[in-house]
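J.: A structural model of the following input is requested.
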Amino acid sequence: MSPRLLTLMDVLRFTLNKPIVISTHKDALGRRLGPQAQSCHNVDVWGEVLACDFFCPWINGQDQVRHVFNIMRELGFTGIGVYADTKPSVMFHGDVRPTEKMGQPATWGRVAGKYTSINEAIGALP
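T.: Modelled structure (predicted):
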């Protein structure tokens, strides 16, 4: 795992002062996807894990999701995703991709299995 990603995840947890739970899905951290797939989870391309999918089980609503997103952006994650269609709660993706600048991350969301903007994903939450 990238030391930068590990540090950012720990600082995020410390800043929120609440638990973060790494997804138990087999692809939540590293994946072997071959040399063509540019996913930040792909160890074959990057040589290390640059991405993590996780839950904040205490989240209750759009305001808290937006709060976590804003903190992630401020801390320097360079890729941030919000998945409104996961159970038991919203899932976050955080990465440290080298192709984006800190403070200006790539962002996206997913609603009902379709990728969309992060604002649309947050807006789909209760």
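
J.: Now do the same contact list for the nearest residue to Met72 once chain neighbours are set aside.
T.: Nearest residue to Met72, sequence neighbours excluded (Cβ to Cβ, 6 or more residues apart in numbering): Ile80, at 5.2 Å. To be clear about C-beta, it is placed using only N, CA and C from the backbone, and glycine gets the same treatment. The contact partners of Ile80, taken as Cβ atoms under 8 Å, 6 or more residues apart in numbering, are Phe69, Met72, Arg73, Phe92, His93, Gly94, Asp95, Pro105, Ala106, Thr107, Ile118.

J.: so how many other residues sit close to the residue nearest to Thr116 when sequence neighbours are not counted?
T.: Spatial nearest neighbour of Thr116, excluding adjacent residues (Cβ to Cβ, 6+ apart): Gly109 at 5.0 Å. Per other Cβ atoms under 10 Å, the neighbour tally for Gly109 reads 26.

J.: so the residue nearest to Met72 is in which element?
T.: strand 79-83 (DSSP states H and E).

J.: Which parts of this structure are helices?
T.: Taking DSSP state H, the helices of the chain run over residues 3-16, 43-46, 62-75, 118-123.

J.: could those go into TSV alongside mean pLDDT and mean neighbour count?
T.: Shown next, in TSV, are the helices of the chain (pLDDT from 0 to 100; neighbours: other Cβ atoms under 10 Å):
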stretch	mean pLDDT	mean neighbour count
helix 3-16	97	15
helix 43-46	82	16
helix 62-75	97	17
helix 118-123	96	18
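
J.: any chance of those in CSV, plus distance to Thr86?
T.: Shown next, in CSV, are these (distance: least, Cβ to Cβ, whole Å):
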stretch, distance to Thr86
helix 3-16, 18
helix 43-46, 23
helix 62-75, 12
helix 118-123, 11
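
J.: Contacts only, for Ser2.
T.: Trp46, Glu48, Val49, Leu50, Val96.
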